[in-house]
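Engineer: here you go, sequence then predicted model.
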Amino acid sequence: MSETTPLVLTGRGLDKRYGHVLAMDGADFELAAGEILAVVGDNGAGKSTLIKSLTGAVVPDAGTIVLDGEEVRFRSPLDARRAGIETVYQELAVAPALDVTQNLYLGREHRMPGVMGTVLRRLDKKRMRQEAADHMADLGIRIQSVRQAVENLSGGQRQAVAVARAAAWGRRVVVMDEPTAALGVRETNQVLDLIQRVRDQGLPVVLISHNIPNVFQVADRIHIHRLGRRAALVRPGTTSMSEVVAVMTGATEASELESAVTDPVLTAAAATAPDAPPTWKDRSA
Amino acid sequence: MNESLVPVAAGDARRGGLAPQRALPERVADLVRSAMSRQLAGPLAALAVAVVAFSLTTDTFLNPANVSLVLQQSVVIGTLALGQTLIILTAGIDLSAGAIMVLGTVLIARLAGEGNVLVAVLIGFLGCALMGAVNGLVVARWNLPPFIVTLGTLTVIAAATRLYTSSASYPVTSDVLRLLGSGPVVGGAKITYGTMLWLLLALALGYALTQTAWGTRVYAVGDSPHAARLTGIKVSRVLFSVYLVAGLIYAVAALAALGRTPIGDPSGYQTANLDTITAVVIGGTSLFGGRGGVAGTVVGALIVSVLQNGLTQAGIDSLYQQVAVGVLVIAAVGFDQLVRRRNKS
C-alpha cells in the first residue's frame, strides 16, 4: 500500500446508545482501497454495532460515514447495498433448493431482450448461467455446474456462492461477518483464499472474525475494537498475535504498541482523500 | 437492473461471442432432467401404473367416453389445486380454497340469474380475488401462520356464503356459463373447454414459475425466507401476490365448476379444500415449500380421478377409494421427506 492509497470507507466519531449502554463511543473506522481490513474485538466490544452502522442495519446517533469521498447516511441495508456495499453473513444466506445461478442472481435477475423480456418478462437464463460460470471461474471457485442445487454443495462451497454473490454485486466494498464461523478447517482455508482473490480483483474487504490466526493469514491491516471504539489499527507484519489479543482484552494499552496508530497510511490517506480519485472505478483495468 | 454480474472483466473477449445454439436432443434432455429434478418422475410413474392396471383389469376404463369423464372429473379440483400449488410452494397452505370457489359459484350463479352474465362473472372474480387478498394480507403483513389464517377465513367465507344465499341454491340457466362444460368430441371423447382452460392455465402458471423472476422469488421465499430477505427480496410482497393470484385461479375453478354442474350450491364441494391439498402433495410438491410445481399438480389431480374412476369401474366400494387416496397421500409425503433428508446430508 503506497502513501497515495485512497480511503474507500471511513467513519468518524460514531456514537450509538441503547438506553444506558454506549455501544459505540466515538468510534473511528477506515478502509483503504484494495485491502483486506480485519475487524477484531472481544464479545460486547461493539464490533457488530460498528459494522451494522456501516452496512445500514443500524443508524448511528452521531458521527459521519464517508464512502468514496461523499458523506452517506444509510437508513436501511438496502441503502448501503444501493451504494455498492454488499454483506456476507455468518449463517449461510443461500436458498438450498435453488441452483447456483439462481442464488447469484436472486433479486437481480436478467430478463430477455425485446418483447420476450418486457412483455412476457422471461428470464435470460442462458446469459445468467454463462456469466455465473465465468464469474465463478474468475474467482477460482470449482463447482461441477452452475445448475447444481446449492444444497448439493459442501458448506464451504455454499459460503463461496454467498461470497461470489457479494463480490459480483458489491461495487465498492464487501463486508464479511464471520464468514467462516460455521465451517471446518479445510473449508475455512478455501473461503480465506477466496476472500484474497476478491481483494486481488480490486474490491476492498472488511472481514469480521474471532479467529486471530485466520486474521493474520489474510488481513492487510487489523482494526482492534474495544469498549465501543477503535483501540488500535495495526499491521500483521509489525504486530504479533499476542499483542493484538492483549489490546483486544485490555491487558495492553494501544499506546504501548510501537506499531499502532503511527501507521503511515492513516495520515497520508486522510490528507489526500476525498480529493484523490477513488481507485475502485479502475478495478476492471 | 441492467448491471452485469461480471463487472470485473466486462471487457473480456470470451464474453463477446455468442454461445452456439444447442442441439435439439440436448434441449429435450434438459427438459427431461428438469422434470426429474422437480420430482415429476414419481407422480408420472404412479399415474402410468394406475392407467395400465385399470386398462388391464376393466373393459370400460379406456373407453373414450370414460377417458373424457376422468378428465372432466379432474378439472375442478385440478384448477383449484393450481392456486393451492402456488401457496404450498411458499411453505403455506390454503384451507379456504374450496370455500372461496363456492363463494364464486354462488355469486356468479345468483347474479347471472338476476342480470348480466358478464357482470356476474366479473363480480365473481372480484369476490374471489378479494378473499385471496384478505388471506394474503393477514399472512404476509401480520406474519400469521397460513394454516390458522385460512382455517379462520374458511369458516367465515363458508358462513358468509350461506348468509348471502339463505342456504338456497341458484341453478344456472345461461348458456355462456355452461360453455366450459361443453366442447368438441375427439375420437369419441368429449374434450371440454373447461379441460382446455385448466391445462392452458397450468401452462401459463408453469411459465410464470419457471421462466420469470417472480417465479424464482416464489420458490426462494418458500425455500428459505431468511435468505430471500437477505438478498433484498420483499418477502411479504411476494406472499401477498401469491395469495391474490390463487384467489383469481379459484374464480376460474368456480367457472369450471358451474360448467360441469350448472348450479350455485352453498353446500357443494365440501371436500374440495382437502382434495386440492391431496392433488398437490401427490403431485410431488413439498409441504415445506420451495420444491415442486404445477406440472406435478396436474398429474396429481389426474391420479386422484383415475384412482376413483378406475376403482369404481372395477366395482370396488367408494370407501376403499378413499382409503387408496389416503395411503397415496402419506406415501407422497414420506417420499418427499426421504428426498429432503437425502439432500440435506
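Structural biologist: Looks like it arrived, so ask away.
Engineer: C-alpha only now, for contacts and for neighbours.
Structural biologist: OK.
Engineer: just give me the neighbour total for residue 204.
Structural biologist: You didn't pick a chain, so chain A it is. Using other CA atoms under 10 Å in any protein chain shown, residue A:204 has 29 neighbouring residues.
Engineer: my question was about chain B
Structural biologist: By the criterion of other CA under 10 Å, residue B:204 has 12 neighbours.
Engineer: swap in residue A:213?
Structural biologist: Residue A:213 has 10 nearby residues by other CA under 10 Å.
Engineer: so what's it closest to, chain neighbours aside?
Structural biologist: Counting by CA to CA, 6 or more residues apart in numbering or on different chains, residue A:213 lies nearest to residue A:241, which is 7.5 Å off, once chain neighbours are set aside.
Engineer: now do the SS call for the residue lying closest to residue B:269 once chain neighbours are set aside.
Structural biologist: What sits nearest to residue B:269 in space, not counting adjacent residues and going by CA to CA, 6+ apart, is residue B:98, at 6.7 Å. Three-state call for residue B:98 (DSSP: H, G, I helix; E, B strand; the rest coil): helix.
Engineer: can you name the residue of the stretch 51-200 of chain B nearest chain A?
Structural biologist: With CA to the nearest CA, the shortest gap between the stretch 51-200 of chain B and chain A falls at residue B:89, namely 11.6 Å.
Engineer: circling back to that earlier point, against residue B:128, how distant is the residue nearest to residue B:269?
Structural biologist: Distance of residue B:98 to residue B:128, computed by CA to CA, to the nearest Å: 11 Å.
Engineer: now the common contact residues for the two.
Structural biologist: Common contacts of residue B:98 and residue B:128, defined by CA atoms under 8 Å, 6 or more residues apart in numbering or on different chains, comprise residue B:250.
Engineer: over to the residue located most distally from the centre of chain A: give its phi and psi.
Structural biologist: Distance from the C-alpha centroid of chain A peaks at residue A:115, with 38.4 Å (CA atoms, centre = their mean). For residue A:115, the backbone dihedrals are phi -60, psi -40 (criterion: degrees, to the nearest 10).
Engineer: next one, pLDDT for it please.
Structural biologist: Confidence per residue is given as pLDDT, and for residue A:115 that number is 87.
Engineer: likewise for residue B:19?
Structural biologist: Per the predicted model, pLDDT is 40 at residue B:19.
Engineer: likewise residue A:260?
Structural biologist: At residue A:260, the pLDDT value in this model is 55.
Engineer: so what's the closest residue to residue B:234 other than its chain neighbours up against?
Structural biologist: Distances taken as CA to CA, 6+ apart place residue B:228 nearest to residue B:234, at 7.9 Å, with adjacent residues excluded. With CA under 8 Å, 6+ apart as the criterion, the residues that contact residue B:228 are A:94-95, A:106, B:217, B:220-221, B:234-235.
Engineer: buried subset of those residues as a ChimeraX selection?
Structural biologist: The following ChimeraX line selects those of the contacts of residue B:228 that are buried, judged by 16 or more other CA atoms under 10 Å in any protein chain shown:
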select /A:94,95,106 /B:217,220,221,235
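Engineer: looking at the contacts of residue B:228, which one is closest to residue A:218?
Structural biologist: Within the set of the contacts of residue B:228, residue A:94 lies nearest residue A:218; the separation is 24.5 Å, counting by CA to CA.
Engineer: which stretches in the stretch 151-300 of chain B count as strands?
Structural biologist: Counting by DSSP state E, counting those that start in this stretch, one finds strands in the stretch 151-300 of chain B at the ranges B:170-171, B:185-186, B:189-190, B:263-264.
Engineer: the third one - contacts with which helices or strands?
Structural biologist: I take that to be strand B:189-190. helix B:64-89 (3 or more CA pairs under 8 Å, 6 or more residues apart in numbering or on different chains; DSSP states H and E).
Engineer: any idea how far the helix it packs on is from the middle of the chain?
Structural biologist: Going by CA atoms, centre = their mean, to the nearest Å, the spacing between the C-alpha centre of helix B:64-89 and its chain's C-alpha centre is 7 Å.
Engineer: what helices or strands is it leaning on?
Structural biologist: If contacts are counted by 3+ CA pairs under 8 Å, 6+ apart, helix B:64-89 sits against helix B:97-114, strand B:189-190, helix B:193-211, helix B:213-223, helix B:235-260, helix B:272-282, helix B:294-313.
Engineer: which stretch in the ones you listed is the model least sure about?
Structural biologist: strand B:189-190 (a mean of 88).
Engineer: partner strands of it, with direction?
Structural biologist: Pairing partners of strand B:189-190, with direction, according to DSSP bridges: strand B:185-186 (antiparallel).
Engineer: and the contacts of the strand it pairs with?
Structural biologist: Defining contact as CA under 8 Å, 6+ apart, one finds that strand B:185-186 is touched by residue B:191.
Engineer: pLDDT of that strand, averaged?
Structural biologist: The predicted model gives strand B:185-186 an average pLDDT of 88.
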